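A.B. asks: coords please:
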Amino acid sequence: MKKTKRIKKERSRRGIYILPNIITSLNLFCGFYAVIASIDGKFIAASIAIIIGVLFDIMDGKIARATNTTSKFGIEYDSLADLISFGLAPGIMIYLWALRPLGRIGWLAAFLFLACGALRLARFNSQVGTVSSDHFVGLPIPAGAGMSATTVLFCHKFGPAVKMNPIFILILLYILSFLMVSTIRYNSFKKPELFKKMNFNVLVAIILILIFIAAQPAIALFILGLAYVISGPFNTLRKQKIIKRKTSGTGELDEHSSSSI
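C.D. replies: Purely as a prediction, here's the structure:
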């Protein structure tokens with residue numbers, strides 16, 4: 001009787017471990033499809049596939065933590081899937097969409113994005129358990145890929161009215177690459193307090209944002225992606241200003257105390 005119960009527990013445990021890995025596989029599938037769609041010139045479909053892959057990437061981590069099924073295998077598999085979906089796929093998509101006229105400079109920028117994404121993932125894996133999960137060190141690679149995808153959707157939303165200059169896309173790709181390997185901190189939104197302390201006004205704001213996304217997905221997702229990308233450098237500069245004010249304030253107090261003596 002005990003043996004059968006133990007076997008059932010092991011089977012259910014294996015099933016739980018399979019679940020997050022299936023979600024990761026769906027993320028990998030989205031990345032592979034985005035590459036195929038980009039080669040066929042279907043850049044809107046490729047962008048949507050990358051964004052869906054971002055959602056799957058968020059889900060597999062949440063499910064693994066909720067079911068207590070995080071493992072070394074899952075972390076490595078997730079990183080490999082992320083490299084395809086959020087490194088290779090956006091790089092190929094952006095190159096074929098906008099950077100091809102630039103020739104070698106264009107595909108080297110796409111390769112730089114892929115390389116920085118790989119470095120970002122390697123650093124993240126090496127810091128698991130040693131760095132607080134409240135923030136990310138450097139721009140997460142799904143955010144960089146999402147910004148690339150939403151840029152494509154944003155430009156196609158307005159059609160010929162908005163013709164992006166390849167140089168602008170090149171600069172955007174370089175900025176995203178730099179932010180991924182930087183030490184700038186980004187909010188991970190993993191704090192449970194963010195959900196426990198949510199008040200009525202925040203709930204209304206979230207509902208309005210969801211309505212905005214449903215009404216104008218291309219514009220809304222582009223604005224949200226841009227806001228998150230900018231939030232890292234903005235918070236870093238704000239913290240530096242606060243530290244300077246505190247240090248200058250203590251310096252003034254020390255001078256005042258010494259002069260009074």
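A.B. asks: Please make it C-alpha for all contacts and neighbour counts, starting now.
C.D. replies: Fine.
A.B. asks: Quick check on the spatially closest residue to T150 that is not a sequence neighbour: phi, psi?
C.D. replies: Leaving aside its sequence neighbours, T150 sits nearest to F222 (Cα to Cα, 6 or more residues apart in numbering; 4.9 Å). The phi and psi values for F222, taken as degrees, to the nearest 10, are phi -60, psi -40.
A.B. asks: give me the number of residues near F222?
C.D. replies: 21 (other Cα atoms under 10 Å).
A.B. asks: show me what contacts it?
C.D. replies: The contact partners of F222, by Cα atoms under 8 Å, 6 or more residues apart in numbering, come to M147, T150, T151, L153, F154.
A.B. asks: ok, the first one - how many residues close by?
C.D. replies: When neighbours are counted by other Cα under 10 Å, M147 registers 27.
A.B. asks: That one - nearest residue in space that isn't next to it in sequence?
C.D. replies: Leaving aside its sequence neighbours, M147 sits nearest to G225 (Cα to Cα, 6+ apart; 5.4 Å).
A.B. asks: Need the contacts of F222 in a markdown table (columns: pLDDT, distance to V202 and secondary structure).
C.D. replies: Formatted as a markdown table, these follow (pLDDT from 0 to 100; distance: Cα to Cα, whole Å; DSSP: H, G, I helix; E, B strand; the rest coil):
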| residue | pLDDT | distance to V202 | secondary structure |
| --- | --- | --- | --- |
| M147 | 96 | 24 | helix |
| T150 | 96 | 25 | helix |
| T151 | 95 | 27 | helix |
| L153 | 94 | 28 | helix |
| F154 | 93 | 27 | helix |
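A.B. asks: Nearest to S38, out of those residues: which one, please.
C.D. replies: L153 (13.3 Å; Cα to Cα).
A.B. asks: which residues touch the closest one?
C.D. replies: With Cα under 8 Å, 6+ apart, L153 has these contacts: I44, S47, A218, F222.
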